[in-house]
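Next one to model:
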Amino acid sequence: YATLAACSILAGLLVYRYDLYDREPWYMALIAVGLGAIAMLALSEIETWTLINLITATPRNIAIVAATHEELARLLIVLGIAIAAPRHFNDPMDGLVYGSFVGLGMAITESVFIIQESVGTLNALPPSEPVRILGHLVLGGITGYAIGPLRIKHSDWRPRLVGCVGFTLAWHFTWDWIAFTAIARGSMTWPETIAGVALMLAGLLFYGSLVARGSRDSRDALAPDSTRRVWGWPFTMLRR
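Have a look, this model is predicted:
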């Protein structure tokens with residue numbers, strides 16, 4: 001639990017820092033985390049019902065259900081925040097920031113559940129927590145990113161929405177398919193391990209590119225004369 005709390009706080013602070021030019025109040029970040037956590041509680045029941053009543057619980061079908069249900073939930077929550085709190089959603093960067101916090105809330109709920117189920121086993125060891133938190137946070141940020149351009153009526157919000165949601169659906173499905181296939185077999189093969197590492201790197205790179213683009217759009221729209229840049233600390237010791 002200490003590892004989970006430390007990883008969550010550090011990840012949240014890093015995401016909060018991305019919002020350089022019109023930072024949202026801290027309570028909105030906590031609301032997004034809370035909504036993600038509540039959504040994950042509900043999804044655990046909905047996904048289980050779907051797998052019991054609608055389709056067979058094979059590794060592939062579990063991956064399909066998890067990817068579609070969780071990414072749609074993230075998208076709808078970010079869209080709901082944009083509609084319910086437009087005063088706090090007026091920045092091209094806001095979709096990524098809120099989506100990241102929603103993903104963080106979902107990761108925390110999932111981690112607590114897994115820790116409770118794994119007490120007394122090797123699965124209770126903490127190294128998996130950073131991977132789980134980063135995975136949900138990155139997917140939430142990518143899925144939510146396109147709501148920012150949509151909210152400010154950017155001309156290319158449609159391809160951004162399709163591209164971001166399509167990426168997260170494919171990424172999430174592939175990751176879970178590999179994971180649940182390995183669980184069913186009882187071990188991971190080297191190709192599966194390499195594929196998992198490649199997926200995580202691809203997700204981080206895509207997320208990072210959206211952070212850079214969103215920050216640039218945000219600066220151009222809100223603070224064109226600002227000298228603050230997102231790629232400062234802690235990514236580099238160089239300062240502009």
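
ok, which stretches of this structure are helices?
Secondary structure of the chain by DSSP state H: the helices cover 2-18, 26-53, 59-84, 94-117, 128-145, 147-151, 157-185, 190-222.

Let me have those helices in TSV, adding distance to Val230, mean pLDDT and mean neighbour count as columns.
No exception for glycine: its C-beta is placed from N, CA and C like everyone else's. Listed next are these as TSV, based on distance: least, Cβ to Cβ, whole Å; pLDDT from 0 to 100; neighbours: other Cβ atoms under 10 Å:
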stretch	distance to Val230	mean pLDDT	mean neighbour count
helix 2-18	6	87	16
helix 26-53	17	93	17
helix 59-84	20	94	20
helix 94-117	11	91	25
helix 128-145	13	89	24
helix 147-151	15	85	23
helix 157-185	18	92	17
helix 190-222	4	90	16
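
Quick check: which of those helices is nearest to Arg228?
Nearest to Arg228 among the helices of the chain is helix 190-222; the distance by Cβ to Cβ comes to 7.8 Å.

how far away is the nearest residue to Tyr16 once chain neighbours are set aside from Ala107?
Spatially, and ignoring its direct neighbours in sequence, Tyr16 is nearest to Ala29 (6.1 Å; Cβ to Cβ, 6 or more residues apart in numbering). Noted for Ala29: a distance of 15 Å to Ala107, by Cβ to Cβ, to the nearest Å.

which other residues reach stretch 21-37?
12, 16, 74, 77-78, 80-81, 85, 88, 90-91, 93-94, 97-98, 101-109, 140, 215, 218-219, 222-223, 226, 228 (Cβ atoms under 8 Å, 6 or more residues apart in numbering).

do the same with stretch 215-234
Residues outside stretch 215-234 that contact it (Cβ under 8 Å, 6+ apart): 14, 17-22, 91-93, 148-149, 152, 154, 211-212, 238-240.
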